[in-house]
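Engineer: This is the structure alone, sequence omitted:
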DNA sequence: TATGAATGAGTATTCATTCAT
DNA sequence: CATGAATGAATACTCATTCAT
């Protein structure tokens, strides 16, 4: 299995660094190879083509992401609490790896529709996780029974995504993690006054 | 003034069609020229370069967008109602021009950071519009006085954007406009139970 | 006759200025038209094409050149003296019109072989003038009877040309005219010691 | 070192042939690649850009030129003799490589001022060589002590250049090499009668 | 005569991928 | 397994010239 060989991970990590530092359109395969300390041709022993590298970057990094989040939400009973630790974790992990934040929020979006669909495939697991939290909330009576799960999930992802992207575009000048409670509150209660 | 000449609009419209049908990276200047029914060189009598076409597409189309929305929200007093007609209009206009929807949600995001920053400039007006609605809501006592305007705006945009993008990625199979009330409700009240 | 109309000369003069200031490859027809104060299309009422402008520049300017030199050498009897005033005049006229000097020495040489052959046609009259001086010198016993007229003419032209070009390339920093006697002496006596 | 690899020289030689046969402005990189028997992209493994090819052509070919001439003049004591073998060699080498003659006398002069300045850099060595001969002649008492070295060099180069160019423009119909003694004599003694 | 908007042919360069060693 | 030299397809932009007004 190629994915367990050391060079596989070397190349993935090199890709994240190169894309973050040079931007997607300036991240040539030869640059990634150089950063990884291998020959250009070697890349093709581990990946089918350049697109495969990018998807693999996303899969490997986001995989850890979702795994970790699954862990922390398992420790909470209430859906609202699960949601909070999810947002906190999401923000914390991207804050901790600024290269990864740039790559996922800005650079990997400059790809064509086809590649974006494949990236969305990877995100499905994350979507399912949120859906599970939402259904759990309905079962517990925390969330309305008629809540549109899909729309709610789109709100949650859209809001987290917009918040992180704005933070990255502002050169990560402020503390993203500190926004988690406020974002959580907005998602639960909206911007309208509760009666 | 070049912007009022008929060929200027011809080329803008041709660009939207060509980008929507071929994707951003396959939207060669010669294809746009052919679609517009002019010679390649004529493009450069109206635009400085290819990037200028793309920004102009966004500016012209989004300009109308914001203008129209300003109009309809002026007809409503309550901030909540303003928000509703804004979302309705946003969804309606993108539903009505499927090419434009593809271009703004998918294709124009494949551009480099520089171009994206210029595109964001255009969006600022839209941001300001939402901020105004939110402050209006606070003044009227509809929204909490301690609402974080910037975060709330990010939630509103992030949610609308994610909703429209999902719809475009699903090949516009369902009725986007019909989702407006549900989205509006989610944004106002969140996914948590009231009371 | 188009050559006598005022716009004909306007365009010729504009071409000299534009070429001198922008270089041959940046001397677009539209720039020349603008400098001449006419529309682009008007150029083609007076000249067949761009090449025709360039040849005409050379013909008009060099024609005056040769005419003037013919005048001044007529006033001298000795071939050596005729040669001296020719060199003096050649240097003086190019010193007086720095734009023309740049155009003839640097810019017009960046043309293709075909155009250069046509330009050489124009120079033939100048060549004939020198040949006449040389033969006159032989008849008077000033120059050796076995002097190879063609080679001698090539030396005279080559030397004057190299001298002027070097001066132009050095940004006309020194007094070209003052070099005439020394050049004249070199051409007459060579660099070898007289016995 | 790329300059010693066989493809480097292949491309240089191909460039000379292509430029001579098609003219400077019709010497596309793809034509040069085809003539050299390599892919277009391969050119850019050995040269930075098209201009770099042209300068390299000049440097490689003229370098040999000057080297060879330095060799032959070292075998002569008298400055006059050195001058003679220099002219002979200059004419002989350009006669032997007609393609090179066309390229250096006609085609490479069609370049812009910037490129020409770089080419002139290469010629400086040749200039220094002539200057050395002239000073040597002064020291030996062959040439006048008050000889203007710079003007004399301009005469020598201008005359050789004009002679070769005329020969090339006349399609190399006559024997250039045979003119060397006559040119040498003219340069040493001028066209005026001695004593 | 004069205009100037419109035309459209033509080309250097990059970079993902291959394959002989 | 690993290398890296070689490949070759693909594209924005300029500007001399025309012709309807």
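Structural biologist: Yep, that arrived. Predicted model, so just to flag it, every value in this text is computed and none were measured. Residues are numbered from 1 along each chain as shown, chains lettered A, B, ... in the order given.

Engineer: what about the nearest residue in space to residue A:148 that is not next to it in sequence, is that helix, strand or coil?
Structural biologist: Using C-beta to C-beta, 6 or more residues apart in numbering or on different chains and skipping the chain neighbours, the partner closest in space to residue A:148 is residue B:182 (5.5 Å). Using the backbone N, CA and C atoms, a C-beta is placed for each residue, glycine as well. For residue B:182, the assignment made with DSSP: H, G, I helix; E, B strand; the rest coil gives helix.

Engineer: Please enumerate the strands of chain A.
Structural biologist: Ranges of strands in chain A, per DSSP state E: none exist.

Engineer: quick one: pLDDT of residue A:2?
Structural biologist: pLDDT for residue A:2: 69.

Engineer: go on, residue A:64?
Structural biologist: pLDDT for residue A:64: 89.

Engineer: now residue A:195
Structural biologist: As summarised for this prediction, residue A:195 has a pLDDT of 57.

Engineer: Give me the nearest residue to the residue positioned nearest the centre of chain A, chain neighbours excluded.
Structural biologist: The centroid of chain A falls nearest to residue A:62 when counting by C-alpha atoms, centre = their mean (5.4 Å). Using C-beta to C-beta, 6+ apart and skipping residues adjacent in sequence, the residue nearest residue A:62 is residue A:122, 5.5 Å away.

Engineer: isn't the residue nearest to the centre of chain A right up against residue A:120?
Structural biologist: No: checked against C-beta atoms under 8 Å, the pair residue A:62 and residue A:120 is beyond contact range at 11.0 Å.

Engineer: Give me the contacts around stretch A:188-195.
Structural biologist: Stretch A:188-195 has contacts (C-beta atoms under 8 Å, 6 or more residues apart in numbering or on different chains) with A:80, A:83, B:80, B:134, B:137, B:141-144, B:147, B:152, B:155-156, B:186-192, B:194-195.

Engineer: Chain A - how does it break down into domains?
Structural biologist: Listed by automatic domain parsing, the domain ranges of chain A are A:1-47, A:54-189.

Engineer: The residue nearest to residue A:148 contacts residue A:151, doesn't it?
Structural biologist: Yes: at 5.5 Å, residue B:182 and residue A:151 qualify as touching, with contact defined as C-beta under 8 Å.

Engineer: how many neighbours does residue A:175 have?
Structural biologist: Residues near residue A:175, counting by other C-beta atoms under 10 Å in any protein chain shown, number 11.

Engineer: chain center to the longest helix seen in chain A: distance?
Structural biologist: Identified as the longest helix of chain A according to DSSP state H is helix A:113-139. The chain centre lies 11 Å from the centre of helix A:113-139; the measure is C-alpha atoms, centre = their mean, to the nearest Å.

Engineer: how about the residue lying closest to residue A:90 once chain neighbours are set aside, what does it touch?
Structural biologist: Leaving aside its sequence neighbours, residue A:90 sits nearest to residue A:160 (C-beta to C-beta, 6+ apart; 5.8 Å). Residues in contact with residue A:160, defined by C-beta under 8 Å, 6+ apart, are A:87, A:90-91, A:183, B:158.

Engineer: Please apply the same query to residue A:157.
Structural biologist: Going by C-beta under 8 Å, 6+ apart, residue A:157 touches A:126-127, A:130, B:158, B:162.

Engineer: 6 Å instead, please
Structural biologist: residue B:162 (C-beta atoms under 6 Å, 6 or more residues apart in numbering or on different chains).

Engineer: Up against chain B, what does chain A have?
Structural biologist: A:25, A:109-110, A:112-113, A:143-144, A:147-148, A:151-152, A:154-155, A:157-159, A:161-163, A:166, A:182, A:186-194 (C-beta under 6 Å from any C-beta of the partner chain).

Engineer: List buried residues within those.
Structural biologist: A:109-110, A:143-144, A:147-148, A:151-152, A:154-155, A:157-159, A:161-163, A:166, A:182, A:186-193 (16 or more other C-beta atoms under 10 Å in any protein chain shown).

Engineer: Tell me where the model's unsure across chain A.
Structural biologist: Low-confidence segments of chain A, defined by pLDDT under 70, span residues A:1-2, A:194-195.

Engineer: Isn't residue A:60 up against residue A:12?
Structural biologist: Yes: using C-beta atoms under 6 Å, residue A:60 is in contact with residue A:12, at 5.4 Å.

Engineer: burial count for the residue of chain A at minimum distance from DNA strand F?
Structural biologist: Closest approach of chain A to DNA strand F (C-beta to the nearest atom of the strand) occurs at residue A:41, with a separation of 1.8 Å. Residue A:41 is flanked by 9 other residues according to other C-beta under 10 Å.

Engineer: separation between it and residue A:166?
Structural biologist: For residue A:41, the distance to residue A:166 equals 40 Å [C-beta to C-beta, to the nearest Å].

Engineer: cool, residue A:173 as well?
Structural biologist: As judged by C-beta to C-beta, residue A:173 and residue A:166 stand 11 Å apart.

Engineer: Touching both of the two, which residues are there?
Structural biologist: Contact criterion C-beta under 6 Å, 6+ apart; residues shared by residue A:173 and residue A:166: none found.

Engineer: For residue A:174, grab phi and psi.
Structural biologist: Phi and psi for residue A:174, reported as degrees, to the nearest 10, are phi -110, psi 180.

Engineer: Tell me the spacing between it and residue A:181.
Structural biologist: 15 Å.

Engineer: what does residue A:99 give?
Structural biologist: Residue A:99 is 26 Å from residue A:181, by C-beta to C-beta.

Engineer: between those two, which one's more packed in?
Structural biologist: residue A:99 (15 against 12).

Engineer: Isn't that one up against residue A:18?
Structural biologist: No: using C-beta under 6 Å as the test, residue A:99 is too far from residue A:18 to be in contact (9.5 Å).

Engineer: Around chain D, pick out the residues from chain A.
Structural biologist: Within chain A, no position is adjacent to chain D by C-beta under 6 Å from any C-beta.

Engineer: how about the helices in chain A?
Structural biologist: Under DSSP H, chain A gives helices at A:6-22, A:29-36, A:40-46, A:50-74, A:79-96, A:98-105, A:113-139, A:149-169, A:180-189.

Engineer: could you dump the ones you listed to a markdown table with distance to residue C:32?
Structural biologist: Formatted as a markdown table, those follow (distance: least, C-beta to C-beta, whole Å):
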| stretch | distance to residue C:32 |
| --- | --- |
| helix A:6-22 | 44 |
| helix A:29-36 | 46 |
| helix A:40-46 | 50 |
| helix A:50-74 | 48 |
| helix A:79-96 | 59 |
| helix A:98-105 | 50 |
| helix A:113-139 | 48 |
| helix A:149-169 | 47 |
| helix A:180-189 | 64 |
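
Engineer: Which single residue in chain A comes nearest to chain D?
Structural biologist: The nearest approach of chain A to chain D comes at residue A:30, 12.4 Å away (C-beta to the nearest C-beta).

Engineer: And the domains of chain A: which comes nearest residue C:50?
Structural biologist: domain A:1-47 (38.6 Å; C-beta to C-beta).

Engineer: just how off-centre is that closest one within its chain?
Structural biologist: 20 Å.

Engineer: Is that domain in proximity to DNA strand E?
Structural biologist: Yes: using C-beta under 7 Å from any atom of the strand, we find that domain A:1-47 touches DNA strand E at A:26-30, A:40-41, A:43-44.
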